[in-house]
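> Dropping a prediction and its sequence here:
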Amino acid sequence: EKEALLLHMANEQSRNWETIEEAGLIRELHERLGHSLRKIATSIGKSPSWVQQRMALIREMPQEILDRVIQGHLSTWAATRIFLPFARANTEHALNLLAFLEKQSLSTRQLQDLWDHYQQSSRKVRENIIQDPGLFLKVLKEQEMENNAQRLRLGADGIWFEDLQVIG
């Protein structure tokens with residue numbers, strides 16, 4: 001059974017595996033069948049870090065988020081790149097963001113912007129971001145539009161002059 005699963009995972013070319021499927025098979029090989037993560041990585045031609053990332057998806061992700069991925073309501077990109085780090089930082093915030101996404105969809109760019117700002121923010125600002133992610137993204141968009149308008153008003157030479165003043 002061990003070898004059959006390893007061979008199937010390493011050689012299956014009929015379709016691409018979903019990340020969740022890969023993670024489930026790796027967990028099965030590791031926890032139930034006793035393979036080390038390094039042996040699994042070697043057998044399927046992947047790096048040990050790749051195997052560990054798949055295991056982290058299953059082990060560290062809250063079940064509510066995993067359920068949304070399995071149901072197809074949340075992309076595996078969002079789960080691995082945004083929600084897994086969010087859950088590691090603050091599970092409650094990750095679940096609040098998930099609840100927000102059920103009401104209003106966000107693009108992957110918006111999710112990435114939200115996560116980037118969340119990482120750089122104080123505890124109070126993080127609370128505000130999660131309390132209303134839609135409002136936060138609107139404010140972020142307004143700031144970006146204002147910055148772009150300011151740059152247009154200044155023109156290329158005005159921007160250059162401002163940069164020189166900063167350097168000076």
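Received the coordinates, thanks.

> and stretch 68-88, how far apart are its ends?
Terminal residues of stretch 68-88 are spaced 18 Å apart (Cα to Cα, to the nearest Å).

> For that stretch, the averaged confidence score.
For stretch 68-88, mean pLDDT is 89.

> do the same with stretch 142-161
On average, stretch 142-161 scores 88.

> What are the buried residues along it?
By neighbour count with 16 or more other Cβ atoms under 10 Å, stretch 142-161 contains no buried residues. C-beta: built from backbone N, CA, C; applies to glycine.

> Helices along the protein, start to end?
Secondary structure of the chain (DSSP state H): helices located at 2-11, 19-27, 37-44, 48-60, 63-71, 76-78, 84-89, 91-103, 108-120, 123-131, 133-167.

> Contact partners for the closest residue to Ile70 other than its chain neighbours?
Take Ile70 and drop its neighbours on the chain: the residue closest to it by Cβ to Cβ, 6 or more residues apart in numbering is Ile20, 5.9 Å away. Ile20 makes contacts with 57-58, 66, 69-70, 76, as judged by Cβ atoms under 8 Å, 6 or more residues apart in numbering.

> Please indicate which of those residues has the highest neighbour count?
Leu57 (24 neighbours; other Cβ atoms under 10 Å).

> any idea how far the residue nearest to Ile70 is from Ile26?
11 Å (Cβ to Cβ, to the nearest Å).

> Need the overlap of contacts for the two.
Residues touching both Ile20 and Ile26 (Cβ under 8 Å, 6+ apart): Ile58.

> Determine the angle, from 0 to 180 degrees, between the helix or strand of the chain with the lowest mean pLDDT and helix 19-27.
Ranked by mean pLDDT, DSSP states H and E, the weakest helix or strand in the chain is helix 2-11, scoring a mean of 71. If you take axes from the mean of the first three to the mean of the last three Cα atoms, to 10 degrees, helix 2-11 sits at 150 degrees to helix 19-27.

> in helix 2-11, what counts as buried?
Buried positions in helix 2-11, judged by neighbour count with 16+ other Cβ under 10 Å: 5-6, 9.

> For the residue lying closest to Ala78 once chain neighbours are set aside, grab the count of nearby residues.
Closest residue to Ala78 apart from its sequence neighbours, by Cβ to Cβ, 6+ apart: Leu111 at 5.7 Å. Leu111: 22 surrounding residues under other Cβ under 10 Å.

> Could you do the one 5 residues further on as well?
Asp116 is flanked by 10 other residues according to other Cβ under 10 Å.
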